[in-house]
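A.B. asks: Need coordinates for the following:
(chains A and B)
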Amino acid sequence: ETGVTQSPTHLIKTRGQQVTLRCSSQSGHNTVSWYQQALGQGPQFIFQYYREEENGRGNFPPRFSGLQFPNYSSELNVNALELDDSALYLCASSWGTGGIQETQYFGPGTRLLVL
Amino acid sequence: AQSVSQHNHHVILSEAASLELGCNYSYGGTVNLFWYVQYPGQHLQLLLKYFSGDPLVKGIKGFEAEFIKSKFSFNLRKPSVQWSDTAEYFCAVNKINAGNMLTFGGGTRLMVKP
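C.D. replies: Numbers count the residues shown, from 1 in each chain, chains lettered A, B, ... in the order given. This next block holds a predicted model:
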């Protein structure tokens, strides 16, 4: 069974740039959720994708967007990067039916630094 | 808005000491409850979870947690910690039938001295 994988592991960008982060879900899972973990804090929910559509969103601006592909992998895109976007971005996969989801399993994260 | 509070930000224990980490949440409806652990240099791993049934749940590595609905609490316990338990511990909650958005506490950083 393959776990959740994310790429890249580290990334450095400058303010105003755009970034794309990638996630491959654990085999057998159909749902991907993205979280932002700032230094010294718990993860905060960004959004979730189920059946290639957004299935819930946290308190993040529209410049945070995502995609889910037919193989259940996912991308997180952030436009117009700000310094406060520097964080560890976590992807989690789970099995569910949209409204009811099972346990989420996390990937190792992508550490983004915005200069 | 739903929130999750972990009262202890840093805990330092000696090996063999007992551990209890507090977690309280604010949501009044039905919830699923989780404890995740992040060992140094590793990713978040599920320690244990409560969905329904016996409110005392056992997880990996000798950890357990008790769900007390009347207190909105889900405290994590271990009778005797080891140096290898040094990690950051996160409590998380999600509301039933409201998708799978996990709300995390701020984390408790545990250091176990050998």
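
A.B. asks: Return the set of residues that bridge with the closest residue to residue B:62 other than its chain neighbours.
C.D. replies: Closest residue to residue B:62 apart from its sequence neighbours, by CB to CB, 6 or more residues apart in numbering or on different chains: residue B:78 at 5.5 Å. (Glycine included, C-beta is placed from N, CA and C.) When bridges are called by DSSP bridges, residue B:78 pairs up with residue B:19.

A.B. asks: Any figure for the gap between residue B:78 and residue A:44?
C.D. replies: Separation of residue B:78 from residue A:44 (CB to CB, to the nearest Å) stands at 27 Å.

A.B. asks: These two: who's more crowded?
C.D. replies: Between residue B:78 and residue A:44, counted using other CB atoms under 10 Å in any protein chain shown, the more crowded position is residue B:78 (21 against 18).

A.B. asks: roughly how far apart are the more buried one and residue B:21?
C.D. replies: 9 Å.

A.B. asks: which stretches of the chain have low pLDDT?
C.D. replies: Answering for chain A, as no chain was given. By pLDDT under 70, the low-scoring segments of chain A are A:1-2, A:98-101.

A.B. asks: To clarify, I was referring to chain B.
C.D. replies: Applying pLDDT under 70 to chain B flags residues B:1-2, B:97-100.

A.B. asks: Repeat the analysis, applying 80 as the threshold.
C.D. replies: Across chain B, the ranges flagged by pLDDT under 80 are B:1-2, B:28, B:95-100.

A.B. asks: So residue B:13 belongs to a strand, correct?
C.D. replies: Yes - with DSSP: H, G, I helix; E, B strand; the rest coil as the criterion, residue B:13 is assigned to a strand.

A.B. asks: Show the contacting residues for it.
C.D. replies: B:19, B:81, B:110-113 (CB atoms under 8 Å, 6 or more residues apart in numbering or on different chains).

A.B. asks: could you dump these to CSV with neighbour count?
C.D. replies: Formatted as CSV, the contacts of residue B:13 follow (neighbours: other CB atoms under 10 Å in any protein chain shown):
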residue, neighbour count
B:19, 19
B:81, 22
B:110, 21
B:111, 12
B:112, 19
B:113, 11
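
A.B. asks: quick check, nearest of those residues to residue A:65?
C.D. replies: Residue A:65 lies nearest to residue B:110 out of the contacts of residue B:13, by CB to CB, at 36.3 Å.

A.B. asks: who are the neighbours in contact with that closest one?
C.D. replies: Residue B:110 touches B:11-13, B:19, B:21, B:81, B:85-89, counting by CB under 8 Å, 6+ apart.

A.B. asks: Look up the residues forming beta bridges with it.
C.D. replies: Counting by DSSP bridges, residue B:110 is bridged to residue B:11, residue B:87.

A.B. asks: residues from chain A in reach of chain B?
C.D. replies: Within chain A, the residues that sit near chain B (CB under 8 Å from any CB of the partner chain) are A:31, A:33, A:35, A:40-45, A:48, A:55-56, A:58, A:90, A:92, A:94, A:96, A:98-101, A:103-109.
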